[in-house]
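Chemist: A structural model of the following input is requested.
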Amino acid sequence: MEPHSYWTPNSLLFGTTKPATSKPGLKLPTYSQNGLGYFAFAPVEPSFNSEDASLSKQAEERRLRDEEERKKRDEELAQEWQLEEERRLQRRAREAEEARRGEECWVRSGGILRDANGKRDMVRTQAIRDELKLREEEKLLMDRWERYEADWTRLLEQAKLGASRTIQFRDIPWPIDSMDKNTLTLQLLTADNVEEFLFGVLRVRGYGVTKKERVRSSLLRWHPDKMTVVVAKVAPEDVDVVLHGINSVTLILQGLNAKL
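Modeler: Coordinates of the predicted model:
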């Protein structure tokens, strides 16, 4: 039999026959002194202060609120600036338009423009004269074409609603420039006259119709089959000359279409 082993104190407090052990993976802080055992302390967890968390949340909410208010002020300032810029541009445009009208009125009455030094500005004066002349020509061309279209509308209504054969050669809106219907003759239906009439209005700035479009629409209008409703209401004494005129216009239009 082995002799019994007895524990013998070897310090002022207590001793131990073997050092303390820790579980694998868990390292505990220890403290030791000569002659003393080892003390193990649990890990210190950070304390959670609910008051600090509440203050932090309030600060974040205040920051977000301030940021939102700043964005709103920036947007309002941007809108105000945009409106002011638009008003400024509109004001400048009105002033420029008033100045332009004043200069045109002055030149139209025979006046001469002057530059910033008070000298006669013949370049600007002539430019305005040219613009006024071109504008007047464009107006005449537009008026002539609109009158032509209105006369066609009137003619078709007369042909559809008229009970008797009263349409004469001069009542038909031929595609030539002739203000006086009493001077209309078959001899005026030349290729040059028809071409100038159809294409003249195309010179108006921004009109937006091509020569090909104008010729094709005219071919449809003057096609003999389309003109039967008109010819049916032509006065007997004018039937031959009207048919001759329709044939002449159709041939001219076909020639123009072949060149385009």
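
Chemist: please make it C-alpha for all contacts and neighbour counts, starting now.
Modeler: Noted.

Chemist: point out where this protein drops to low pLDDT.
Modeler: Regions of the chain meeting the criterion pLDDT under 70 cover residues 1-49, 163.

Chemist: longest helix in it, please.
Modeler: Determined from DSSP state H, the single longest helix within the chain is helix 50-108.

Chemist: from the contact counts, what lies against that one?
Modeler: helix 122-161 (3 or more CA pairs under 8 Å, 6 or more residues apart in numbering; DSSP states H and E).

Chemist: packing partners of the helix it packs on?
Modeler: Using 3+ CA pairs under 8 Å, 6+ apart: helix 122-161 touches helix 50-108, helix 228-231.

Chemist: buried sites along the last one?
Modeler: Looking back up the chat, that one is helix 228-231. Across helix 228-231, burial judged by 16 or more other CA atoms under 10 Å covers 230-231.

Chemist: show me how far it is from its chain's centre.
Modeler: Centre-to-centre, helix 228-231 and its host chain are 45 Å apart (CA atoms, centre = their mean, to the nearest Å).

Chemist: show me what that helix is packed against.
Modeler: helix 122-161, helix 239-259.

Chemist: domain map for the chain?
Modeler: Domain ranges of the chain: 49-95, 137-259, per automatic domain parsing.

Chemist: tell me which of those sits most buried.
Modeler: domain 137-259 (a mean of 15; mean count of other CA atoms under 10 Å).

Chemist: first-to-last residue distance for it?
Modeler: 27 Å (CA to CA, to the nearest Å).

Chemist: one more: stretch 165-185?
Modeler: End-to-end distance of stretch 165-185: 20 Å, with CA to CA as the criterion.

Chemist: that one: how far from the chain's middle?
Modeler: A distance of 44 Å separates the centroid of the chain from that of stretch 165-185, by CA atoms, centre = their mean.

Chemist: what's it in contact with?
Modeler: Stretch 165-185 is contacted from outside by 144, 148, 151-152, 155, 159, 188-189, 193-194, 196-198, 232-236, 238, 241-242, using CA atoms under 8 Å, 6 or more residues apart in numbering.

Chemist: please redo it, this time with the cut-off set to 6 Å
Modeler: Stretch 165-185 has contacts (CA atoms under 6 Å, 6 or more residues apart in numbering) with 193-194, 197, 233-235, 238, 242.

Chemist: okay, and which of the residues you listed map to helices?
Modeler: Per DSSP H, the contacts of stretch 165-185 map to helices at 193-194, 197, 242.

Chemist: quick one on the thing from earlier: make JSON lines from the helices and strands packed on helix 228-231 and add distance to residue 206 to it.
Modeler: Shown next, in JSON lines, are the helices and strands packed on helix 228-231 (distance: least, CA to CA, whole Å):
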{"stretch": "helix 122-161", "distance to residue 206": "11"}
{"stretch": "helix 239-259", "distance to residue 206": "23"}
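
Chemist: any idea which of the ones you listed gets closest to residue 210?
Modeler: Shortest separation from residue 210 across these is recorded for helix 239-259, at 12.0 Å, computed as CA to CA.

Chemist: can I get the helices and strands packed on helix 122-161 in JSON lines including distance to residue 140?
Modeler: Compiled in JSON lines, those are given as follows (distance: least, CA to CA, whole Å):
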{"stretch": "helix 50-108", "distance to residue 140": "18"}
{"stretch": "helix 228-231", "distance to residue 140": "28"}
